[in-house]
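Task: produce atomic coordinates for the following.
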Amino acid sequence: MSGTAQPERGDAVVWSVLSTLLAGPLVWGGAGWLVGQWLDARWMTPVGIVLGSALSLYIVYVRHGRNDPAENPGVRL
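Next up, the predicted model:
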């Protein structure tokens, strides 16, 4: 492999975003369900789903949503 960074293909970005948006609520909702079963607190599942959704949206933004000032010098963040 060479040391230069290759731009991502469009379909790879779509699958990365989709899998991140699905995995967040599923994983954290499952963790909330397990903790809810352990503590007998049914409200932990929705909290986990909401937390997972928020985290997955943040991860997608950090990975794919930012504009790089070096690529677009006229764009200010």
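
Now the residue nearest the centre of the chain: closest residue in space that isn't a chain neighbour?
Note on the chain: the residue nearest the mean C-alpha position is Ser56, at 2.6 Å, using C-alpha atoms, centre = their mean. Nearest residue to Ser56, sequence neighbours excluded (C-beta to C-beta, 6 or more residues apart in numbering): Gly24, at 2.7 Å. C-beta coordinates here come from the backbone N, C-alpha and C atoms, glycine included.

which residues does that neighbour contact?
Applying C-beta atoms under 8 Å, 6 or more residues apart in numbering, we find Gly24 in contact with Gly52, Ser53, Leu55, Ser56, Leu57, Ile59.

in which helix or strand would I find the residue lying closest to the second one once chain neighbours are set aside?
Spatial nearest neighbour of Ser53, chain neighbours left out: Pro25 (4.9 Å); criterion: C-beta to C-beta, 6+ apart. Element membership for Pro25 (DSSP states H and E) is helix 10-39.

before we move on, back to that, okay, the contacts of Gly24 in a markdown table with distance to Arg66 next?
Converted to a markdown table, the contacts of Gly24 look like this (distance: C-beta to C-beta, whole Å):
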| residue | distance to Arg66 |
| --- | --- |
| Gly52 | 21 |
| Ser53 | 20 |
| Leu55 | 17 |
| Ser56 | 16 |
| Leu57 | 13 |
| Ile59 | 12 |
